[in-house]
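A.B. asks: I'd like to go over a predicted model; first the sequence, then the structure.
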Amino acid sequence: MPRHNEPGSPALVHRTARAGLRLTRGQRRRLLGLLMSAGDVWACVLEVNAWRKARQDTPLVSYQALCRELAASGPACFGELDTTGARSVLRRYSDAWFAAAARRKKGDGSARFPRRRRRMMPARWYHDRLAVDGRRLRIPVARGCPPLQVRLDRDLPYPPGRIRSVTLLYEAGRLWVDVTAEVPVTVYPLGAEPDPGRVAGVDLGIIHPYAVAGRDGQALLVSGRAIRAEHHQHLKDTKARQRAVTRRAPKPGQRGSRRWRHYRRRQQIVEARHQRRVRQAQHEAARTVIGWAADRRVGTLAVGDPRGVLSIDAGRRHNQRTRDWRVGHLIATLRDKAELAAITLVLTDERGTSSTCPACRARVPKPRGRVFCCPHCGLAGHRDLIAAANIAGRLPGGITPAVTAADVTHRRAGNHLPGVSAARRDPRRRPHHGDIRGSPGRHLPAPTGVTAGRGVARLTARTS
Ligand SMILES: [Zn+2]
């Protein structure tokens, strides 16, 4: 239900952060029990609607009608799950049903109504039933059950008074909470607020997730090489893992061996960790851009949207590259953070921006390297910054940015990733032989000529 805000109150946005949980065995069992009870609620709704369909009745889909049905079934039907938690599942079902109905009405035949049972479903509770105190979180349970207090594995980025809801979920073998809070849009001191007339262009890329060109040659380059390396390592690791177990893969209709299920579970954990790493790096990159823009009072970010051409099949390798890029997430995080910082984000067409000279408007074949060089007027510059400058120039009423970047800030995304520095070696990487950075590497083979086996003979080999 949307909250009513008094007129004149500061603008609010809703933001969600995920935190892990530090749990005892008993707490973990109880939380999993809650999620399975939520899965039971989901299964009940599916069953009710299957019955209704069988007797050609209209399905029960509105949230209110489902809540009435839940109330009629009486309290304590779903283990320790309280009414609010059960209702959140009904809300999820109702939303999914209506979303599918809307898509089908628009002519999308691939939209499906919710029909699949789940062992566990996420459950959500609202601020009036929660208690958050530092890292401690009390999750509401059904009446008569002992209270359930759990510990978060990090401090939440929001003050406790701002928290609106908490969603408990299970992903890749771990329990998480998604904490949603309402956050006021940044208010700047007078004279420091972003000026909508100051436009900066943003070019999205793989090597540089964000290349930003502002006025007076001010520019920002965020390097994404660490993210690309993470993708590369992950792909290599996944392939090696797959190669090792293909012969254990179960045949259709067969139940997988214990070893196989162990492999599947491990793969899910590794996959989830990889996704988390990339997401985190992309969030940090977006934050860098917004911080840079706010410092320079940039009020409008023009972002070149490349998504129009991504559906074209470009071959196996390039398709993998574009998928790993996750450009939709790059745009979404930038938009969210811009909104919070009171900066406007405008999506523009980016076609031809990296192959047009901003000085003489001549078409230049897309450079292969990072350096753009115009054969007509001799202009040279960083390819991504040239593209960003072109994007800024496309905005109606936008400024003409300085053509050459005079003041470039360089930042790296993904400084937390393994393998970025020598101090944090990526265990997926091949060990370095004789590297001074401390990796022992693989054991070298025994020196040739010594044919001794174990025991006494080895002693002589060592002393010789
Ligand atoms: Zn030129």
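C.D. replies: Now that the structure is in, tell me what you want to look at.
A.B. asks: what's the burial count for A111?
C.D. replies: Neighbour count of A111, defined by other CB atoms under 10 Å: 14. C-betas here are computed from N, CA, C, even on glycine.
A.B. asks: and the residue nearest to it when sequence neighbours are not counted, what pLDDT?
C.D. replies: Closest residue to A111 apart from its sequence neighbours, by CB to CB, 6 or more residues apart in numbering: R103 at 3.6 Å. pLDDT for R103: 95.
A.B. asks: secondary structure element for R103?
C.D. replies: Assessed by DSSP states H and E, R103 sits inside helix 83-105.
A.B. asks: now do the same for whichever residue of the stretch 101-250 of the chain sits closest to the ion: its pLDDT.
C.D. replies: Nearest residue of the stretch 101-250 of the chain to the ion: A213, at 16.2 Å (CB to the ion). On the pLDDT scale, A213 is placed at 90.
A.B. asks: and the closest residue to it other than its chain neighbours, which of the three is it?
C.D. replies: Nearest residue to A213 in three dimensions, chain neighbours excluded: A388, at 3.8 Å (CB to CB, 6+ apart). On the three-state scheme (DSSP: H, G, I helix; E, B strand; the rest coil), A388 is labelled helix.
A.B. asks: what sits against A388?
C.D. replies: Going by CB atoms under 8 Å, 6 or more residues apart in numbering, A388 touches 200-203, 211-213, 219, 304, 353.
A.B. asks: again, only using 10 Å
C.D. replies: Taking CB atoms under 10 Å, 6 or more residues apart in numbering, we find A388 in contact with 200-205, 208, 210-214, 219-221, 302-304, 350, 353-354, 358, 382, 401, 405.
A.B. asks: report the beta-bridge partner residues of the residue in the stretch 1-150 of the chain positioned nearest to the ion.
C.D. replies: The nearest approach of the stretch 1-150 of the chain to the ion comes at V13, 41.8 Å away (CB to the ion). Here V13 sits in beta bridges with V183, as judged by DSSP bridges.
A.B. asks: isn't it right next to Y158, touching?
C.D. replies: No. V13 is not in contact with Y158 according to CB atoms under 10 Å; the separation is 11.7 Å.
A.B. asks: of these two, who's got more company?
C.D. replies: Y158 (18 against 12).
A.B. asks: so who does that one touch?
C.D. replies: 15-17, 132, 164, 179-183.
A.B. asks: please flag which of these sit within strands.
C.D. replies: 15-17, 132, 164, 179-183 (DSSP state E).
A.B. asks: which of those residues are buried?
C.D. replies: With burial judged by 16 or more other CB atoms under 10 Å, the buried subset of the ones in strands among the contacts of Y158 is 15, 132, 164, 179-183.
A.B. asks: now those residues in CSV, with distance to the ion?
C.D. replies: Below are those laid out as CSV (distance: CB to the ion, whole Å):
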residue, distance to the ion
R15, 43
V132, 57
R164, 52
V179, 51
T180, 49
A181, 49
E182, 49
V183, 45
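A.B. asks: now flag whichever of those is closest to A244.
C.D. replies: V179 (38.5 Å; CB to CB).
A.B. asks: may I ask which helix or strand encompasses P75?
C.D. replies: In the assignment (DSSP H and E), P75 maps to no helix and no strand.
A.B. asks: pretty sure it contacts A142?
C.D. replies: Yes. Judged on CB under 10 Å, P75 makes contact with A142 at a distance of 7.3 Å.
A.B. asks: between these two, which contacts overlap?
C.D. replies: Shared contacts of P75 and A142 (CB under 10 Å, 6+ apart): 82-83.
A.B. asks: please name the residues that touch the residue positioned nearest the centre of the chain.
C.D. replies: Nearest to the geometric centre of the chain sits R279, at 3.8 Å (CA atoms, centre = their mean). Applying CB under 10 Å, 6+ apart, we find R279 in contact with 18, 326, 329, 333.
A.B. asks: which ones are touching the residue nearest to E339 when sequence neighbours are not counted?
C.D. replies: Distance criterion CB to CB, 6+ apart; nearest residue to E339, sequence neighbours excluded, is V13 at 5.7 Å. The neighbours of V13, taking CB under 10 Å, 6+ apart as the test, are 181-185, 336, 339-340.
A.B. asks: let's go with 6 Å and repeat that
C.D. replies: Counting by CB atoms under 6 Å, 6 or more residues apart in numbering, V13 makes contact with 183, 339-340.
A.B. asks: any chance of those in JSON lines, with pLDDT too?
C.D. replies: Converted to JSON lines, those look like this (pLDDT from 0 to 100):
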{"residue": "V183", "pLDDT": "93"}
{"residue": "E339", "pLDDT": "95"}
{"residue": "L340", "pLDDT": "94"}
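A.B. asks: pipe the residues you listed into TSV and attach distance to L46 per row.
C.D. replies: Below are the contacts of V13 laid out as TSV (distance: CB to CB, whole Å):
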residue	distance to L46
V183	36
E339	37
L340	38
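A.B. asks: with respect to C374, which of those is nearest?
C.D. replies: The closest of the contacts of V13, once distances to C374 are taken by CB to CB, is E339, at 36.4 Å.
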